[in-house]
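Asks: Provided below for reference: sequence and predicted model.
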Amino acid sequence: MTSGSNRKDPAWQYAHLVEENNLNKFECNFCGKVSNGGVYRVKQHLAGGYRNVTACPKCPSHVREEIREFMSKKKTQKEEINMLPDFNDMDMEDEDEDDDVIEINVNQHRKLTSSSQGSSKSKSKSKTPKRKGPMDVYFTPNPESVVKNRKDQAKGKQTKIDANDPYKKEMRARALQRFARWMYDAGIPFNAVNYESFGPMIEAIGQYGPGMKPPTYHEVRVTQLKKEVKHTEDLMKYHKEDCAKYGRSIMADGWTDKRGRTLINFLVNCPRGTMFVESVDASSYSKDGQKLFELLDKFVEKVGKENVVQVITDSAAANVLAGRFLEAKYEHLYWTPCAAHCLDLMFEDIFKIPRLKKTFERGIAAHGYIYNRPTLLNMMRRFTNLKNLIKPAKTRFATAFLTLSRMHQQKNNLRKMVTSEDWTSSKWAKEPQVLRLVDTEKKPPMGYIYEAMDRAKECIASSFDHKEEKYNEIFEIIDKR
């Protein structure tokens, strides 16, 4: 039995031993509950908020706060000596944490090893940190699986283990503050936390515990990058298996970089998804149909001509010619024009119709005039309830079309703006307007184009009360593409 001076834990003031020599069994002085697990279980009982321990219903608030403060200090001390954090959902956690149990073990150890008291004192006075051994490497749960299970539990509205643990909340808040500060310092986009790889990364760090050494510049730039390349190559094995089984589509996506080079990205698509293969600088022959055919033919041979179902490019004249050459050489292969590019060309031809061309030019010019003047743009947003006129889309002319649609929706508010006192007293009402057309070109893919075009044609016909003479010219453009 320990003396009163050895009972440093405040829990001894609010609970007593049921049996004099049994330090695992305590009875609460407030509610009379008997608990096993030592004085640490008594502290959990008094502090409350633990999943496997019933909180004392009669514990005074000042006692509860005293116990919580004591436990928080103990936990902080553990972290400072690089010990693993507490896991409150374990049934027999931290039972060697109590000062009394440690000091009893010290006295027993002195009796058994009197010949080596000096070394025993130094070792027994300080707890040996709990360390993870080699078996933890093999039995630690996979981070991806842990994150997936956590998401499944959240969907089922199951209670989180640490939802009511004030200490874990405080530790999480501290970790979030540090992580967010690092993001702000490094200029990392906020949507990085939405990546699927983010959750498993956090879980893996948590599984390591305190004292993890951060990765070095060389590790992330060389060592880990090589490993990730190898990991990606392993993932592609499944794509290649599906390609051999179901066939594949080759997609050639041409674009121009900031240096004016014409680059072609080659991608392979199969039911499992799309994978990037390589990028080619085609600046010297991007307008040469024969050269593009040779490039596409070489790539078909490279990925395996027997499994290629179709080759997809935009419908530029050189690509059309290259596609025809491919179909002539490979009877089983089809050349397919990019749906997004076809849609862009449709809009371009539609806006060439004289009565629509004038509307298009005026609308885009007015849009450019407003957006090139920040103060005027701010005025416009006041009248449109912060609505923007621009509506980005997948293609250049689709963006222009949707921008005109936005202007049509906001026409009443725009009229109010140009008849308001703000406008008439501004410099823009007095200066001649200098208008210019500004738009950009982007060509991401667009799916299910045929059904969408049918619905668009029905909408156009309905808008003109099915009077064919008003929309026949537009339908001819659409059908031609």
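Replies: Noted; the coordinates are in hand.

Asks: helices or strands next to the lengthiest helix in the chain in the packing?
Replies: Criterion DSSP state H: the longest helix present in the chain is helix 224-246. Judged by 3 or more C-beta pairs under 8 Å, 6 or more residues apart in numbering; DSSP states H and E, the packing partners of helix 224-246 are strand 262-270, strand 273-281. Placement of C-beta: from N, CA and C, glycine included.

Asks: State the phi and psi torsions of Asn372.
Replies: Main-chain dihedrals, Asn372, degrees, to the nearest 10: phi -90, psi 0.

Asks: right, I mislabeled it, should have said Met407
Replies: Met407 has phi and psi values of phi -60, psi -40 when expressed as degrees, to the nearest 10.

Asks: Low-confidence bits of the stretch 251-400 of the chain, can you list those?
Replies: Residues of the stretch 251-400 of the chain meeting the criterion pLDDT under 70: 391-397.

Asks: If we use 80, what do you get?
Replies: 338-345, 347, 390-400 (pLDDT under 80).

Asks: Kindly state the domain boundaries assigned to the protein.
Replies: 4-114, 139-208, 235-337, 344-447 (automatic domain parsing).

Asks: Gly206 versus Thr76, what's the distance?
Replies: Here the criterion is C-beta to C-beta, to the nearest Å. By it, Thr76 lies 18 Å from Gly206.

Asks: ok, back up a step: of the helices and strands packed on helix 224-246, which is nearest Ile478?
Replies: Nearest of the helices and strands packed on helix 224-246 to Ile478, taken as C-beta to C-beta: strand 262-270 at 26.0 Å.

Asks: Which strand residues bridge Gly273?
Replies: Cys270 (DSSP bridges).

Asks: all helices in the stretch 1-150 of the chain, in order from the N-terminus.
Replies: Along the stretch 1-150 of the chain, counting by DSSP state H, counting those that start in this stretch, helices occupy 39-47, 61-80, 99-112, 117-124, 134-139, 143-155.

Asks: The first one vs helix 61-80, what angle?
Replies: To tie it back to what came earlier, the one meant is helix 39-47. 130 degrees (axes from the mean of the first three to the mean of the last three C-alpha atoms, to 10 degrees).

Asks: What is helix 39-47 packed up against?
Replies: With contacts defined as 3+ C-beta pairs under 8 Å, 6+ apart, the packing partners of helix 39-47 are strand 15-17, strand 25-28, strand 34-36, helix 61-80.

Asks: Need the winner for burial among those.
Replies: strand 25-28 (a mean of 18; mean count of other C-beta atoms under 10 Å).

Asks: strand partners of that strand, parallel vs antiparallel please.
Replies: Counting by DSSP bridges, strand 25-28 is paired with strand 15-17 (antiparallel), strand 34-36 (antiparallel).

Asks: Mean confidence (pLDDT) on the first one, please.
Replies: Same thing as strand 15-17. Strand 15-17 shows a mean pLDDT of 89.

Asks: likewise stretch 21-39?
Replies: 87.

Asks: now stretch 42-56
Replies: pLDDT averaged over stretch 42-56 gives 87.

Asks: okay, that stretch in CSV with CA atoms only?
Replies: Extracted C-alpha coordinates of stretch 42-56, given in CSV (Å, rounded to 0.1, in the frame of the first residue of the first chain):
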residue,chain,number,x,y,z
VAL,A,42,-11.4,6.8,-12.3
LYS,A,43,-10.1,10.0,-14.1
GLN,A,44,-12.0,9.1,-17.2
HIS,A,45,-15.1,8.4,-15.2
LEU,A,46,-14.8,11.8,-13.5
ALA,A,47,-13.8,13.8,-16.6
GLY,A,48,-16.5,12.2,-18.9
GLY,A,49,-16.5,12.1,-22.7
TYR,A,50,-15.0,8.6,-23.1
ARG,A,51,-16.7,6.0,-25.2
ASN,A,52,-16.0,3.0,-23.0
VAL,A,53,-16.3,4.7,-19.6
THR,A,54,-19.6,6.0,-18.1
ALA,A,55,-19.3,9.6,-16.9
CYS,A,56,-20.1,10.3,-13.3
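
Asks: Which residues does that stretch contact?
Replies: Residues outside stretch 42-56 that contact it (C-beta atoms under 8 Å, 6 or more residues apart in numbering) are 9, 11, 14-15, 26, 28, 30-31, 33, 35, 41, 59, 63-64, 67-68, 70-71, 88-89, 91, 161, 164-166.

Asks: same question, stretch 462-478
Replies: 346, 349-350, 353, 453, 457, 460-461.

Asks: buried set for that stretch?
Replies: 471, 474, 477-478 (16 or more other C-beta atoms under 10 Å).

Asks: coming back round to it: dump the domains of the chain into JSON lines; add distance to Asp465 as well.
Replies: Output for the domains of the chain, formatted as JSON lines (distance: least, C-beta to C-beta, whole Å):
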{"stretch": "domain 4-114", "distance to Asp465": "68"}
{"stretch": "domain 139-208", "distance to Asp465": "46"}
{"stretch": "domain 235-337", "distance to Asp465": "33"}
{"stretch": "domain 344-447", "distance to Asp465": "18"}
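
Asks: quick one on the thing from earlier: save the helices and strands packed on helix 39-47 as TSV, and put in distance to Gly289 too.
Replies: As requested, these are exported to TSV (distance: least, C-beta to C-beta, whole Å):
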stretch	distance to Gly289
strand 15-17	89
strand 25-28	88
strand 34-36	84
helix 61-80	68
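
Asks: re the thing from before, which stretch among the domains of the chain approaches Val220 most closely?
Replies: So among these, domain 139-208 is nearest, using C-beta to C-beta, at 12.3 Å.

Asks: Please state the offset of that closest one from the chain centre?
Replies: 12 Å (C-alpha atoms, centre = their mean, to the nearest Å).

Asks: before we move on, the earlier item: so of the helices and strands packed on helix 224-246, which one's packed in deepest?
Replies: Scoring those by mean count of other C-beta under 10 Å, the most buried comes out as strand 262-270, with a mean of 18.

Asks: Now do that strand: which elements does it pack against?
Replies: Packed next to strand 262-270, using 3+ C-beta pairs under 8 Å, 6+ apart, are helix 224-246, strand 248-256, strand 273-281, helix 289-303.

Asks: now that strand and strand 248-256, what's the angle there?
Replies: Interaxial angle, strand 262-270 versus strand 248-256 (the same axes, to 10 degrees): 160 degrees.

Asks: pull the CA atoms of strand 262-270 into CSV?
Replies: This file holds the C-alpha atoms of strand 262-270, laid out as CSV (Å, rounded to 0.1, in the frame of the first residue of the first chain):
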residue,chain,number,x,y,z
THR,A,262,2.0,23.2,-81.6
LEU,A,263,2.0,20.2,-79.3
ILE,A,264,-0.1,17.1,-79.6
ASN,A,265,-0.9,15.1,-76.5
PHE,A,266,-1.6,11.4,-77.1
LEU,A,267,-4.0,9.6,-74.8
VAL,A,268,-5.4,6.1,-74.8
ASN,A,269,-9.0,5.5,-73.6
CYS,A,270,-10.6,2.2,-72.5
